[in-house]
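>>> here's a sequence, model it:
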Amino acid sequence: MALKTQTANWHNLETESVLAALNSAQGGLSQSEAESRLAEFGPNELVRKKKVSPWMLFLEQFKNLLIIILLVAVGLSAALGEVVDAIVIGVIIVFAAGLGFIQEYRAERSMEALQKMAAPTATVLRDGQETDVPARELVPGDVLIIRTGDRVPADARLIEAVNLRTEEAPLTGESVPVEKMNVAIPGEVSVGDRKNMVFAGTAAVYGRGLAVVTTTGMNTEFGRIAALLQEVKEEQTPLQVNLDRMGRWIAIGALSLAFALVVIAIMRGHEFLEMLIWGVSLAVAAVPEALPAIVTISLSIGVRRMVQRHALVRKLSAVETLGSTTYICSDKTGTLTQDQMTIRRVHSDGTTFEVTGVGYEP
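Next up, the predicted model:
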């Protein structure tokens, strides 16, 4: 029986119709059927941009216009027999690129480690038995058991709700918990008004429920938002823009001055080849070889200080941008906070008790 997973109107259907459309039952799927659907629909995870290889990450360090100008200077110095100058400039380039690469590579590895540590699980009914499975192995038709404190791992239609309330701020921006129900809702309604559904990325803050998974991975509402974010074109930071602009002016100024002086020298009777070599040497000397290294070192110091304050910076250039920020406007719940009330002290019968732990895991 073919599954009708593409419908967007799960909230319109009665629970029996939802289960029938997903070829499931209130007791959940069998283990073999779940494995078959996992092979068909793929893992329940957001598709990330293709991982950048270490080699490509290293090459990205050479996108800076000043670095490109210095590479040209290395070639010209070597062609003119100025081997020492070529080696010195080359070492500076490799140092600056290598330092930037090491910082960004460490950040990428740290992000990967954090993602592995945060791998969530979900409680489902398989073969009628309650079991915990990795959230990435959820499939359409799985029956989720939702309890207070659980994070919803996929979009699902509620088939049972007992005083269930979920925090949907990460998805809809709604600042107060949304009360859920399991009855059908007629007509076209917004995501925030589909009170008989729970969505990936939200969390149960009260009550309990039973829900059948309707969509997973990039087909969830959260997945659609993630797909739109991946289409956003990455722009240069103000520092990168200013460095590129300065590089262009340096290149134009050095070449113009060298050309003018060579022409004047030739007009005054000097030998053409000798003056050409002299002009190229002058242009190379006008390039600030140490500037890229100085900028990279300065940004690396900023990254190190951020790490000491438990902040992970993936791009070196982001440090300067963050330092220029006056205000950051962000949705608080689920972004800056976990939306979990935490008890710190309990005062009872004249005695104060300290409580450790965070959120629902004291």
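
>>> and the pLDDT for residue 54?
pLDDT, residue 54: 82.

>>> can you give me the neighbour number for it?
13 (other C-beta atoms under 10 Å). Where C-beta positions appear, they are placed from N, C-alpha and C, glycine not excepted.

>>> wait, doesn't it sit right on residue 105?
Yes: with contacts counted by C-beta atoms under 8 Å, residue 54 reaches residue 105, the gap being 6.1 Å.

>>> tell me the residues that contact both of the two, please.
Listed contacts common to residue 54 and residue 105 are nil; contacts here mean C-beta atoms under 8 Å, 6 or more residues apart in numbering.

>>> tell me where the stretch 51-200 of the chain has strands.
Per DSSP state E, counting those that start in this stretch, the stretch 51-200 of the chain carries strands over the ranges 121-126, 129-134, 143-147, 155-167, 178-179, 197-198.

>>> partner strands of the fifth one, with direction?
For strand 178-179, the pairing partners within the sheet under DSSP bridges are strand 155-167 (antiparallel).

>>> put the alpha carbons of the strand it pairs with into CSV.
Taking Å, rounded to 0.1, in the frame of the first residue of the first chain, the C-alpha atoms of strand 155-167 are listed here in CSV:
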residue,chain,number,x,y,z
ASP,A,155,6.2,16.5,12.5
ALA,A,156,3.4,14.3,13.8
ARG,A,157,-0.4,14.2,14.0
LEU,A,158,-1.7,13.7,17.6
ILE,A,159,-3.9,10.7,18.1
GLU,A,160,-4.0,11.2,21.9
ALA,A,161,-3.4,14.4,24.0
VAL,A,162,-3.6,14.6,27.8
ASN,A,163,-3.2,18.2,29.0
LEU,A,164,-0.4,18.5,26.4
ARG,A,165,1.3,21.8,25.8
THR,A,166,4.3,22.5,23.5
GLU,A,167,6.7,25.3,23.2
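
>>> check the gap between residue 315 and residue 299 for me.
9 Å (C-beta to C-beta, to the nearest Å).

>>> and if you look at residue 311?
14 Å.

>>> these two - which one has more neighbours?
Per other C-beta under 10 Å, whichever of residue 311 and residue 299 has more neighbours is residue 299, with 22 against 11.

>>> host element of the more buried one?
Residue 299 belongs to helix 291-308 when assigned by DSSP states H and E.

>>> continuing past that helix, what's the next helix or strand?
Using DSSP H and E, the next helix or strand after helix 291-308 towards the C-terminus is helix 317-323.

>>> how about that next one as CSV, C-alpha atoms only?
Extracted C-alpha coordinates of helix 317-323, given in CSV (Å, rounded to 0.1, in the frame of the first residue of the first chain):
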residue,chain,number,x,y,z
SER,A,317,36.5,37.2,9.7
ALA,A,318,33.4,36.9,11.8
VAL,A,319,35.4,38.1,14.9
GLU,A,320,35.8,41.6,13.5
THR,A,321,32.1,41.8,12.5
LEU,A,322,31.0,40.7,16.0
GLY,A,323,33.3,43.3,17.5
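
>>> ok, what's across the strand from the residue nearest to residue 28 when sequence neighbours are not counted?
Excluding the flanking residues, the one nearest residue 28 by C-beta to C-beta, 6 or more residues apart in numbering is residue 125, at 3.1 Å. Taking DSSP bridges as the rule, residue 125 bridges to residue 130, residue 143.
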